[in-house]
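model the structure of this input:
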Amino acid sequence: MKKSFLLGIGLSLCFTLAACGEQPSNTPASSSSAASSSISSSSSADSSQPAATPSSLSTFGSSHEAFLEAIKPSIQNQYPTLFSEEPSVQEHDASEVTPAAMSYSYPVGNSGALVLFDEKDSQELYEVFLSFQVDKEDETSIQQIGFIQGILFAALEPNEAMRQQIDQQLNTSNISEDAVTLASGTVADWTYLVDGTSISLMVTAK
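Alright, predicted model coming up:
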């Protein structure tokens, strides 16, 4: 059942030098450890079930726009021009496991993207996807991606201890060995994928 996800006004996010300024071999994972957030609560459909519908789909309870507006002040305080451009928008048909959706893709780093998925009918955010090609990034851009990942951890997992547990389970410091790691938080399920030079983080409302 859909749970509400209250976007906190004025996210308070604090990053130490180690959190947002590490070398590429250690990023982008650990930026989450120093983040704190006032956001609370909220899935993927079982593959054996029919197409996801608004009544069966879990969402974060607000649109992608509301989510982005909540995290932008913290991000733009560090990177003023980030997310200032209009996103690339794409419509997606429903499948057996995903609903009809709209995706909004924002460029990050040199090669990456932050993609926010809204369920089409309700216009509520249900999935956040961050991806990049590690071989196309440099030290500056990888730090930016690590900073954004830290913001996502703080925004999408309200419990600090759980954030640290998720980070450890996902092993997001791994950017070189192929792996798929999973973790479940209080409001979302997390998937971290390393496939060659392609790295992605997917967060789905539960």
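
wait, isn't residue 61 in contact with residue 124?
Yes - between residue 61 and residue 124 there is a contact under Cβ atoms under 8 Å: 6.2 Å. For glycine as for every other residue, the C-beta is placed from the backbone atoms N, C-alpha and C.

near the closest residue in space to residue 78 that isn't next to it in sequence, how many other residues are there?
Among residues not flanking residue 78 along the chain, residue 147 sits closest, at 6.0 Å (Cβ to Cβ, 6 or more residues apart in numbering). Other residues lying near residue 147 total 25 when counted by other Cβ atoms under 10 Å.

for residue 147, give its distance to residue 154.
In this structure, residue 147 and residue 154 are 11 Å apart, going by Cβ to Cβ, to the nearest Å.

for residue 70, same thing?
Taking Cβ to Cβ, one finds residue 70 at 11 Å from residue 154.

also residue 114?
If you go by Cβ to Cβ, the gap between residue 114 and residue 154 works out to 15 Å.

just the strands in the protein please.
Residue ranges of the strands in the chain, as given by DSSP state E, are 88-92, 101-108, 112-119, 124-133, 179-184, 188-195, 198-205.

which other helices and strands does the last one contact?
Meaning strand 198-205. Counting contacts by 3 or more Cβ pairs under 8 Å, 6 or more residues apart in numbering; DSSP states H and E, strand 198-205 is packed against strand 124-133, helix 139-156, strand 188-195.

report the inter-axis angle for the last one versus strand 179-184.
Strand 188-195 and strand 179-184 meet at an angle of 170 degrees, taking axes from the mean of the first three to the mean of the last three Cα atoms, to 10 degrees as the criterion.

what sits up against strand 188-195?
42-44, 60, 156-157, 166, 169-172, 174-184, 199-206 (Cβ atoms under 8 Å, 6 or more residues apart in numbering).

hang on, the earlier thing: any chance of the helices and strands packed on strand 198-205 in a markdown table, with distance to residue 76 and mean pLDDT too?
What follows is those, written out as a markdown table (distance: least, Cβ to Cβ, whole Å; pLDDT from 0 to 100):
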| stretch | distance to residue 76 | mean pLDDT |
| --- | --- | --- |
| strand 124-133 | 17 | 98 |
| helix 139-156 | 11 | 96 |
| strand 188-195 | 24 | 98 |
